[in-house]
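> My questions concern the predicted model and sequence given below.
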Amino acid sequence: MRPMRERVDAELESDARRTLQPRVLVSVLAYNSPVTTIATLLSLSRQTHQNYHLLLVDNASDETALKLVANELPALDIRRLPENTGYTGAANFALDIARREGYECLLIATHDVEVDPRALEYLVETAVRHADAGVVGGVEFNPRTGLARASGGGVYSLWLSRLAWRSAPQAENVEETRDVFCVHGALLLFTQRAISSGVRMDEQLFMYFDEADVGFQLKQKGLREIVDRRVIFKHTRGAEEFTPLIGRMMQRNRLRVVRRHGRWYHFLFYLFYSTLLELPVKVFVRSLQGRGRFAMACIAGHLEGLRRS
């Protein structure tokens with residue numbers, strides 16, 4: 001009887017330990033940018049939550065960039081994809097590993113964020129405390145501007161297919177956690193409920209508007225997205241917001257998201273609004289500002305979105 005009792009006690013102790021310290025896959029998604037990638041990995045390697053595995057999912061970076069990271073962190077688990085699948089493809093690669101290898105949580109970070117040592121501890125604590133949490137995120141801090149945002153999460157309009165990031169009031173009596181439609185994709189923790197539900201990124205998006213897509217998926221599964229305001233991550237975003245790539249991707253993906261998650265009347269309204277009003281005005285204004293390439297890329301993205309829809 002004694003060995004049986006000891007075995008049961010050991011199993012109960014193991015279950016309690018998993019509850020307090022869930023096994024987390026911490027996955028950094030990288031494409032070139034070895035300097036910021038190393039800074040991200042180093043900040044995530046100093047977490048107070050002990051039960052995690054750090055992984056770099058490399059989106060077919062240049063060999064030189066990958067070698068710089070490997071030389072700085074020789075023991076790092078690196079998985080290099082054969083081609084650049086974008087944020088969404090790399091995130092799905094990490095989700096598949098988390099499901100296959102039985103991780104309780106998955107933290108996804110882009111290669112340009114830095115976090116405090118207790119970030120993962122706080123995110124996991126919130127995930128465990130809320131039984132219906134699907135994704136937990138933090139507050140984005142931009143070191144270039146000195147401004148924080150996304151403490152109020154992302155707000156998406158189906159009529160205008162627009163995603164805006166809001167900040168919650170800073171009053172002392174505001175709760176540490178806040179329910180939101182979607183959290184910022186630069187740092188987000190998928191809970192065990194979300195992983196086991198089969199949620200996946202839409203790989204046709206490649207990048208941008210992926211947060212809104214996940215938000216809709218989780219709502220359909222009865223899961224919440226939560227911002228933990230104790231977690232503030234530094235996000236070193238690029239200074240240029242009007243590159244042709246950004247213009248094309250965002251214009252294209254707005255059509256994709258409203259088509260996938262809206263009603264037929266949302267799609268038709270946005271189609272007429274964007275084609276007859278918003279896009280012509282945008283092209284005119286950006287061209288006057290000397291951003292002609294960005295304007296043309298928006299047109300190309302809109303046409304691509306129409307073909308894919």
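Cool, the structure landed.
> Break this protein down into its domains, please.
8-235, 244-308 (automatic domain parsing).
> any idea how far the first one is from the chain center?
Same thing as domain 8-235. 6 Å (CA atoms, centre = their mean, to the nearest Å).
> So for it, mean pLDDT?
Across domain 8-235, pLDDT averages out at 92.
> and what of the last one?
Over the span of domain 244-308, the pLDDT mean works out to 96.
> For it, what is the distance to the chain centroid?
Distance of domain 244-308 from the chain centroid (CA atoms, centre = their mean) equals 23 Å.
> coming back round to it: just send the domains of the chain back as a markdown table, with mean neighbour count too.
Placement of C-beta: from N, CA and C, glycine included. Below are the domains of the chain laid out as a markdown table (neighbours: other CB atoms under 10 Å):
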| stretch | mean neighbour count |
| --- | --- |
| domain 8-235 | 18 |
| domain 244-308 | 17 |
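> So what touches the host helix or strand of Thr40?
Element membership of Thr40, judged by DSSP states H and E, is helix 34-44. The contact list for helix 34-44 (CB atoms under 8 Å, 6 or more residues apart in numbering) reads 26, 28, 30, 54, 56, 61, 65-66, 68-69, 72-73, 76, 107, 109-116, 120, 236.
> Tell me which helix or strand comes right after it.
Moving toward the C-terminus from helix 34-44, the first helix or strand encountered (DSSP H and E) is strand 52-58.
> Compute the inter-axis angle for the helix or strand just after that following strand and helix 34-44.
Using DSSP H and E, the helix or strand that follows strand 52-58 in sequence is helix 63-72. With axes from the mean of the first three to the mean of the last three CA atoms, to 10 degrees as the basis, helix 63-72 and helix 34-44 are set at 30 degrees to each other.
> what angle separates the helix holding Thr40 from strand 52-58?
Orientation check (the same axes, to 10 degrees): helix 34-44 against strand 52-58 gives 170 degrees.
> Extract the CA atoms of helix 34-44 and return them as PDB.
The C-alpha atoms that make up helix 34-44 are tabulated as PDB, following Å, rounded to 0.1, in the frame of the first residue of the first chain:
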ATOM      1  CA  PRO A  34      19.800  39.800 -35.800                       C
ATOM      2  CA  VAL A  35      20.600  42.700 -33.400                       C
ATOM      3  CA  THR A  36      17.000  43.100 -32.200                       C
ATOM      4  CA  THR A  37      16.400  39.400 -32.400                       C
ATOM      5  CA  ILE A  38      19.300  38.800 -29.900                       C
ATOM      6  CA  ALA A  39      18.000  41.500 -27.600                       C
ATOM      7  CA  THR A  40      14.500  39.900 -27.700                       C
ATOM      8  CA  LEU A  41      15.900  36.400 -27.000                       C
ATOM      9  CA  LEU A  42      18.100  37.600 -24.100                       C
ATOM     10  CA  SER A  43      15.200  39.400 -22.400                       C
ATOM     11  CA  LEU A  44      13.000  36.200 -22.700                       C
END
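> Counting by contacts, list what the helix or strand where Ala194 lies packs against.
Per DSSP H and E: Ala194 is located in helix 192-197. With contacts defined as 3 or more CB pairs under 8 Å, 6 or more residues apart in numbering; DSSP states H and E, helix 192-197 has these neighbours: helix 86-100, strand 105-110, strand 133-142.
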